[in-house]
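Enquirer: Here you go, sequence then predicted model.
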Amino acid sequence: MTVQDIRSFNRFYTNVIGALDYGRHLYAPYTLTESRVLYELAHSPRTDAVDLRTELSLDSGYLSRILNKFEQDGLVERAPSEQDPRRRRITLTARGRDAADLLDERARETVGALLATVAPADRSRLAEAMRTVRTILGDGRGGPRREDVALREPGPGDLGWIVQRNAALYAAEYGWNTDYEGLVARIVADFAEDHDPHLERVWIAEQWGSPRSSEAESGGGRPVGCVMCVRDDAPGTARLRLLLVEPDARGLGIGDRLVEAVVDFARGVGYRELVLWTNDVLTAARRIYQRHGFVLVSEKPHRSFGADLVGQDWRLDLHGTQD
């Protein structure tokens, strides 16, 4: 391989990316870089300007101009960071989340249209080639990395994946029977058939740049985690459900990111409190809930899923807790 080979590939791929992402193709008044900033803010709800600049390798002046434009358009809010007052925390407003969601939807449709031109038999070759480039030109580490995981909305097949992986993992790790699979299937079916997209949401944690499992979708990254936020029966209350992280993706902070996404979403759309039900054997998940301010309010022994368990109800006051 020569330098000219790489430069030639760069020109080709730049043209492909330009055809996919520029504002004129997404019917939006944002450049490719502005769209990247919106995407990063949507998937990292607690982002400081310094972190944003580092993550996207942007000049500080250029990023500042983009954020000024977003602030004038009512897309973002800036405030002192809770961890370091010298830093500025950037958060999307409701209007900003809508803009980011619209851009993401249009980008996925455009990429889907491009992928549709690739023969099904060639899609796995394309995905493998992309992983090879990332592995060789990356930092050389063989293990999964935090930056290779992004949170996204579910696509076709993802809701079925939630049911399948919950059933398989809990059977393997805790010996739970098919009663649990039935419970998860009902929860997911209720969401699929009737949910308010403004008040209820599902997140899929997707990992790129690593070998895909048999559950991975052809041509993309593989799902490694999930969580749901749905309305509870009590007024002003949301319920966190079905938090899951694949065993080989644990240790990357994915569970924290998923719970943080639910907390920020619930608070942003106006819920007063967030509740969840879990079992005492799920110690890792309970530690995540505690880190995000959830408080244990009750527990009760029960026999479910073929096991003797202690069910626990946890609650988070969204108005009184900001960390």
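Expert: Okay, I see it. Given the structure is predicted, the values throughout are model-derived calculations rather than measurements.

Enquirer: Give me the pLDDT value at the closest residue to Asp280 other than its chain neighbours.
Expert: Leaving aside its chain neighbours, Asp280 sits nearest to Val310 (4.1 Å; criterion: CB to CB, 6 or more residues apart in numbering). Yep, even glycine has a C-beta here, placed from its N, CA and C like the rest. The model reports Val310 with a pLDDT of 95.

Enquirer: for the helix or strand containing Val310, packing partners?
Expert: Assigned by DSSP states H and E, Val310 falls within strand 307-317. Packing contacts for strand 307-317, counted by 3 or more CB pairs under 8 Å, 6 or more residues apart in numbering; DSSP states H and E, involve strand 273-279, helix 283-291, strand 295-304.

Enquirer: And the contacts of that strand?
Expert: Residues outside strand 307-317 that contact it (CB atoms under 8 Å, 6 or more residues apart in numbering): 174-176, 263, 272-281, 286, 289, 292-304.

Enquirer: what do you get for stretch 55-75?
Expert: 33-34, 36-38, 40, 44, 49, 52-53, 76-78, 90, 92-93, 95-96, 99, 147.

Enquirer: circling back to that earlier point, how about the strand holding Val310: buried residues?
Expert: For strand 307-317, a neighbour-count test (16 or more other CB atoms under 10 Å) marks 307, 309, 312, 314-316 as buried.

Enquirer: and that strand with helix 283-291, angle?
Expert: On the basis of axes from the mean of the first three to the mean of the last three CA atoms, to 10 degrees, strand 307-317 is oriented at 20 degrees to helix 283-291.

Enquirer: how far does strand 307-317 sit from the chain's center?
Expert: Offset of strand 307-317 from its chain centre (CA atoms, centre = their mean, to the nearest Å): 25 Å.

Enquirer: the inter-axis angle of it versus strand 273-279?
Expert: 170 degrees.

Enquirer: Would you mind getting the angle between strand 307-317 and strand 295-304?
Expert: For strand 307-317 against strand 295-304, the angle by the same axes, to 10 degrees is 160 degrees.

Enquirer: Parallel or antiparallel, which strands does strand 307-317 pair with?
Expert: Within its sheet, strand 307-317 is paired with strand 273-279 (antiparallel), strand 295-304 (antiparallel), according to DSSP bridges.

Enquirer: Give me the residue ranges of the stretch 51-200 of the chain where confidence is low.
Expert: 82-85, 135, 138-147 (pLDDT under 70).

Enquirer: One more pass at 90, please.
Expert: 51-64, 67, 76-150, 155, 173 (pLDDT under 90).

Enquirer: Equivalent analysis for the stretch 201-323 of the chain, please.
Expert: Using pLDDT under 90, the stretch 201-323 of the chain drops low at 207-222, 247-253, 283-284, 319-323.

Enquirer: Around Thr31, how many other residues sit close by?
Expert: 13 (other CB atoms under 10 Å).

Enquirer: need the contact list for the residue nearest to the spatial centre of the chain.
Expert: For the chain, Leu151 is the residue whose C-alpha lies nearest the centre (CA atoms, centre = their mean; 1.5 Å). Shown in contact with Leu151 (CB under 8 Å, 6+ apart): 43, 203-206, 257-258, 261.

Enquirer: Kindly recompute the last result at 10 Å.
Expert: Leu151 is in contact with 42-45, 203-206, 225-227, 254, 257-258, 260-261, counting by CB atoms under 10 Å, 6 or more residues apart in numbering.

Enquirer: do Asp179 as well
Expert: So Asp179 contacts 304-307 (CB under 10 Å, 6+ apart).

Enquirer: can you check Val37 too?
Expert: The contact partners of Val37, taken as CB under 10 Å, 6+ apart, are 30-31, 47, 52-53, 55-56, 58, 63, 66-67, 69-70, 75-76, 90, 100.

Enquirer: what's the most buried one of the strands paired with strand 307-317?
Expert: Across these, averaging neighbours per residue (mean count of other CB atoms under 10 Å) puts strand 273-279 on top, at a mean of 20.

Enquirer: ok now that one, how far from the chain's centre?
Expert: 20 Å.

Enquirer: any idea which helix is longest in this protein?
Expert: helix 94-116 (DSSP state H).

Enquirer: Over to the residue of the chain most remote from its centre: give its phi and psi.
Expert: Ranked by distance from the centre of the chain (CA atoms, centre = their mean), the top residue is Thr2, with 37.9 Å. Per-residue torsions, Thr2: phi -110, psi 170 (degrees, to the nearest 10).

Enquirer: pretty sure it contacts Phe9?
Expert: No - Thr2 lies out of contact with Phe9 (CB atoms under 10 Å); the separation is 11.0 Å.

Enquirer: anything in contact with each of those two?
Expert: Counting by CB under 10 Å, 6+ apart, Thr2 and Phe9 have no contacts in common.

Enquirer: mind listing the strands for the stretch 51-200 of the chain?
Expert: 76-80, 88-92, 149-152 (DSSP state E, counting those that start in this stretch).
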